[in-house]
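**Q** Please work out how this folds:
(3 chains)
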Amino acid sequence: MFYREAGDFSTTYREDSQTFPIKFDRYRYYAVLLIAFAIIPFLLNDYWVNAIFLPFLIYSIAAIGLNILTGYCGQVSLGTGGFMAVGAYATYKLMTAFPEVSMVVHILLAGGITAFVGVLFGLPSLRIKGFYLAVATLAAQFFLVWLFNRVPWFYNYSASGQINSPERTLFGIPITGANTEPWAVYLFCLVFVTLSAIIARNLTRGAMGRKWMAIRDMDIAAEIIGVNPLTAKLSAFAISSFFVGVSGALFFSVYLGAVEVGEVFGINKSFLVLFMIIIGGLGSIFGSFAGAAFLVLLPVLLKNVLVTGLGWPTDLAAHLEFMIVGFLIIVFLIVEPHGIAQLWRVAKEKLRLWPFPH
Amino acid sequence: MNTDDGYITEDGRKIGGVVMEMKNITLRFGGVTAIKDITFDIREGEIRAIIGPNGAGKSSMLNVVSGFYVPQEGEVFFRGEKRPPLKPFEVARQGIARTFQNIALFEGMSVLDNVMTGRLTQMNSGFISQALWRGKAEREEIENREICERVIDFLEIQSIRKTPVSRLPYGLKKRVELARALASEPKLLLLDEPMAGMNVEEKEDMSRFILDVNDEFGTTIALIEHDMGVVMDLSDRVVVMDYGKKIGDGTPSEVRNNQAVIDAYLGVSHD
Amino acid sequence: MPDQLIYAMEVFFNGLMAGVLYALVALGFVLIYKASGIFNYAQGVMALFAAMTLVGVMEGQVPFAHLINAVLGTKVHHFGWHLPAFVGIITTVIVMVILAWLVQRIIFKHLVGQEPIILFMATIGLAYFMEGLGDMMWGSEIKKLDVGLPQGINLWIDETTYNIFDYGFFIDNLDIVATIIAVTLVASLVIFAQYTKEGRAMRAVADDHQAALSVGVSLNFIWIMVWSVAGFVALVAGIMWGTKSGVQFSLSLIALKALPVLMLGGFTSIPGAIVGGLIIGVGEKLFEFLIGPLIGGATENWFAYVLALLLLVFRPQGLFGEKIIERV
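**A** Numbers count the residues shown, from 1 in each chain, chains lettered A, B, ... in the order given. I've put the predicted structure just below:
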């Protein structure tokens, strides 16, 4: 009764295949967009943006990217941190080499470069499968981090080995560097997130998404009905890496401003994003958001309760966070392998029937 | 392709020329010879059955026809042209669709999406168009949806259109698999034990669908089946295999009276 | 003999000894994988956890001291005793067996029959959990581990090689001891799997769960057993690496080198794990020695993975794995 689809008829195939075929969902989606674009920017301060909104938005892009590869195409990757690093370092090189070019172009180019690297490391997926591939992607993780750490050209021979994002503006408003306004960086990232989600949704509901899912569910059958595994897998690697690269670019240039590759883009980053999509929901765009929100909010919450509230030392809260996250991963894999997104679907089914049991 | 040399079936349908011809096919796995020097053809519009006891090499034969296995010796002609060794997905693009002995549906997708995968070979809109869901991608989606919906209507699975395949019972899954194969509008449809594990009612349904498909769309069908009654009723011509060799070929009644077949297969009482 | 070649020989021997340890850890993976189809990513963290527990027990650390202090406002840290190494090792073995039992009971009992990749991801979750648990129990600072193993340059080898080549090889006593222990362990594991009743049961389970169950093998027992053995192997590796470079997080990453070892050797093959370990040990040391200086060093971080990746592209089943035949 709170959630209804009765009387909501699709009379054309176009209407039936839209993203939110149910009117109620569609209105809620518009409402969320309106709040995100028109209301939140006025309420933001530094703390909210840096502790919650920026990491949430940027991780959402990474999670969407990894979800395309892992959730839709079934190829588990443990190299997300390395690919984010590619996006970050590509942006850095582009920003410093071409200061007059717009940041938007740099970030998109960084995504493109990451896509290329992703395809390169995705080539073995044609021969190897499952956790063999997962381990193989560790090669990307360790190699890329090593590369950015050891080859000085990538960090412009700076003494600290760090990369720092210089100030760049968009329409005269600074979006990187030290003098940014919370609302500006928020909106900048929000635009990227929104476009990423829409593009990802369009790709996954159409022909390309079906190819990916066919490969994921049964690769041999997919090949026999005419899916070329080469193009299907490599396109998933390319598009996934593109999003991951964009998120790495934003993570460095807009969010952190300064990056030391081993610390920021180490293997734990790969796991964090993987956990986001497991907890959020494999094969669901909404799940990517849910998982990112969950794993961004959890440490903030723990910190507020344990450190600020109970006076625990910070490292203890961090250890507890590790335990909770590991525990949750196992619980989700056992109880609900499709994550929060599935819980949400079930809740909607229940709401639709409420107050009746069937 | 010569269309003159067809024949008229027992029930009076006109069968056309040769669609697929297998010439002296030999297939080995390491030291084991699964198929030995087999020759037969499949004609336009007919229902062709391959039968034989367990381990006779029927499935291997079907896999050769579908291009999944490449035989060590022999030649395959499809629509008059010699077929080079192709990758499985290239075979599908030539217009050969199949179903599987152990259902090979995409369990994580809905029935409709599964059927739509049958159209993938016909969908070739560009990346940008797909990313924006504008132009060719959207048009293709709708056009192909219409074709799929016709198949869905035909096989009477409208009500489960949006159900995830993993929730369906066995018999329906078999039907969805047939729908997926049909959606590609194949020139040759291969059915690998379409009635395995079904009860009598489901078998009757499936037989009706196979006959209807052949009748309505004129689809050429090659099938493997264990149930002798079904095979004899359905098919126009039958190939009988035993230990990788062909021991009989002809109309059901010819095969039924073939001494070699009776000795090797029908005549031996298994139960 | 040219100097460069002599140095390379020294590097080769050092690599060989590192390789034996990789092989040992890899064997822990193979055991679990063969018996339960689980590809245990947590093996590295298990080694770390075992080493931390060993140090903690020997030094008389109060488990969860920081947590207790934070919650109760107390200031407990140490029990005030120092235990001999063998007591510590026995206690740690008991802890690892209990851990094996818990892991089986709480996690994998509920995941029987799941896809391998789900099991794999569950072990990543387990790794995370244990990393947090280890730090929570024993604190996250770098710890020194000393169970009385000899350390420092082996003078006999130094002198002997000096007499032959005019250059003394630097080979650490610890490495020699580690190699001897690892070889002994590897040999006994192979004998165990091949000739004992439990070993046979384990291989039966590996071949076919259902069939093993039907002839009266207790799956639960076998699984707890292999996890315990893997825990023990992790402890041994943890002691070796912990003694060498301190007990700290990077230890779990070193232990993860066993992953590419497995990919090289094939997951199901014990000889594969051994040969793979040696190849990786020698390969990464020689590569670092020959190519490392040219491209910035620290190539050990990725060499094993990239080597395994390249090999798999050409031989997807690894060096010794069985050929994969796809069927429909």
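
**Q** So C:Gly296 versus chain A, what's the distance?
**A** Distance, C:Gly296 to chain A, by CB to the nearest CB, to the nearest Å: 3 Å. C-beta coordinates here come from the backbone N, C-alpha and C atoms, glycine included.

**Q** How many neighbouring residues does that residue have?
**A** By other CB atoms under 10 Å in any protein chain shown, 13 other residues sit near C:Gly296.

**Q** go on, A:Pro99?
**A** Neighbours of A:Pro99 (other CB under 10 Å): 11.

**Q** How about the contacts made by it?
**A** A:Pro166, A:Arg168 (CB atoms under 8 Å, 6 or more residues apart in numbering or on different chains).

**Q** tell me the SS of residue 140?
**A** If you meant another chain, say so; for now it's chain A. Secondary structure assignment for A:Ala140 (DSSP: H, G, I helix; E, B strand; the rest coil): helix.

**Q** My question was about chain C, not that one.
**A** Following three-state DSSP, we place C:Ser140 in the coil state.

**Q** Leaving out sequence neighbours, find the closest residue to it.
**A** A:Asp315 (6.1 Å; CB to CB, 6 or more residues apart in numbering or on different chains).

**Q** wait, is the one you found part of a helix?
**A** Yes. Judged by three-state DSSP, A:Asp315 forms part of a helix.

**Q** residues near it, how many?
**A** By the measure other CB under 10 Å, the count of residues near A:Asp315 is 15.

**Q** So it versus chain B, what's the distance?
**A** 41 Å.

**Q** show me what contacts that residue?
**A** A:Asp315 neighbours (CB under 8 Å, 6+ apart): C:His66, C:Asp135, C:Ser140.

**Q** Now for the first one, how many residues are close by?
**A** Just to be clear, that refers to C:His66. 21.

**Q** Do I have it right that it meets C:Met136?
**A** Yes. Taking CB atoms under 8 Å as the definition, C:His66 is a contact partner of C:Met136 at 7.3 Å.

**Q** element containing C:Val147?
**A** Assessed by DSSP states H and E, C:Val147 sits outside every helix and strand.

**Q** Might you report the residue contacts of the nearest residue to it once chain neighbours are set aside?
**A** Distances taken as CB to CB, 6+ apart put C:Ala85 closest to C:Val147, at 3.8 Å, once the chain neighbours are dropped. Applying CB under 8 Å, 6+ apart to C:Ala85 gives the contacts C:Met58, C:Val147, C:Gly148.

**Q** ditto for C:Arg203
**A** So, once contact is read as CB under 8 Å, 6+ apart, C:Arg203 ends up touching C:Lys34, C:Ala193.

**Q** element containing it?
**A** C:Arg203 is part of helix C:197-207 when elements are defined by DSSP H and E.

**Q** quick one, what contacts the closest residue to chain B within the stretch 51-200 of chain C?
**A** Of all residues in the stretch 51-200 of chain C, C:Glu115 sits closest to chain B, at 11.1 Å by CB to the nearest CB. Contact partners of C:Glu115, counting by CB under 8 Å, 6+ apart, are absent.

**Q** Quick check: pLDDT value at it.
**A** Per-residue confidence (pLDDT) for C:Glu115: 78.

**Q** next one: phi and psi at it?
**A** Backbone torsions for C:Glu115, taken as degrees, to the nearest 10, come to phi -60, psi 150.

**Q** how many other residues sit next to residue 84?
**A** Let's take chain A. Neighbours of A:Met84 (other CB under 10 Å): 34.

**Q** The intended chain is chain C.
**A** 10.

**Q** where does the chain dip in pLDDT?
**A** Unless you meant another one, I'm taking chain A. Under the criterion pLDDT under 70, the flagged ranges of chain A are A:1-8, A:357-358.

**Q** wait, chain C
**A** Using pLDDT under 70, chain C drops low at C:1, C:255, C:318, C:320-328.

**Q** Break down it into its strands, ranges please.
**A** Counting by DSSP state E, chain C has no strands to list.

**Q** max-length helix in it?
**A** The single longest helix within chain C, with elements called by DSSP state H, is helix C:3-36.

**Q** Could you check the angle it makes with helix C:197-207?
**A** 80 degrees (axes from the mean of the first three to the mean of the last three CA atoms, to 10 degrees).

**Q** Determine the set of other helices and strands touching helix C:3-36.
**A** helix C:43-59, helix C:173-195, helix C:197-207, helix C:219-245, helix C:258-265, helix C:270-290 (3 or more CB pairs under 8 Å, 6 or more residues apart in numbering or on different chains; DSSP states H and E).

**Q** Is any residue of the first one near chain A?
**A** No. Figure legend: helix C:43-59 not in contact with chain A (CB under 8 Å from any CB of the partner chain); closest approach 9.6 Å.

**Q** For that helix, C-alpha coordinates in CSV please.
**A** C-alpha atoms of helix C:43-59 as CSV (Å, rounded to 0.1, in the frame of the first residue of the first chain):
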residue,chain,number,x,y,z
GLN,C,43,46.6,-17.9,4.6
GLY,C,44,48.9,-14.9,4.7
VAL,C,45,47.0,-13.3,7.6
MET,C,46,47.0,-16.6,9.4
ALA,C,47,50.8,-16.6,9.3
LEU,C,48,50.8,-13.1,10.7
PHE,C,49,48.2,-14.0,13.3
ALA,C,50,50.1,-17.1,14.4
ALA,C,51,53.3,-15.1,14.8
MET,C,52,51.6,-12.4,16.7
THR,C,53,50.0,-14.9,19.0
LEU,C,54,53.3,-16.6,19.6
VAL,C,55,55.0,-13.4,20.5
GLY,C,56,52.1,-12.4,22.7
VAL,C,57,52.1,-15.7,24.6
MET,C,58,55.8,-15.7,25.0
GLU,C,59,56.0,-12.1,26.2
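
**Q** Now do that helix: distance to the chain's middle.
**A** Chain-centre distance of helix C:43-59: 12 Å, with CA atoms, centre = their mean, to the nearest Å.

**Q** what ranges do the strands span in chain B?
**A** B:7-8, B:14-15, B:18-29, B:32-43, B:47-51, B:73-78, B:81-82, B:96-98, B:188-192, B:220-224, B:237-242, B:245-250.

**Q** ugh, wrong one, chain A
**A** Along chain A, counting by DSSP E, strands occupy A:163-164, A:169-170, A:173-174, A:258-259.

**Q** Please give me every residue in contact with A:Thr70.
**A** A:Val76, A:Ser77, A:Leu274, A:Ile277, A:Leu282.

**Q** and it, how far is that from chain B?
**A** Per CB to the nearest CB, A:Thr70 is found 13 Å from chain B.

**Q** Would stretch A:268-285 count as contacting chain C?
**A** Yes. Applying CB under 8 Å from any CB, one finds that stretch A:268-285 is in contact with chain C at A:Phe271, A:Leu274, A:Phe275, A:Ile278.

**Q** and B:Val18, how many neighbours does it have?
**A** If you count neighbours by other CB under 10 Å, B:Val18 ends up with 18.

**Q** Tell me the most packed of the contacts of C:Ala85, by neighbour count.
**A** C:Met58 (22 neighbours).

**Q** That one touches C:His78, doesn't it?
**A** No. C:Met58 is beyond contact range of C:His78, at 11.4 Å (criterion: CB under 8 Å).

**Q** how deep is residue 135 tucked in, by neighbour count?
**A** I went with chain A, as the question did not name one. By the criterion of other CB under 10 Å, A:Val135 has 24 neighbours.

**Q** wait, chain B
**A** 13.

**Q** So, low pLDDT: which residues of the stretch 1-150 of chain B?
**A** B:1-4.

**Q** Can you name the residues of it sitting close to chain A?
**A** B:66, B:68, B:87-89, B:91-93, B:97-98, B:100, B:104-109, B:113, B:116-118, B:120-121, B:123, B:125, B:127, B:130-133, B:137-138, B:140-142, B:145-146, B:149.
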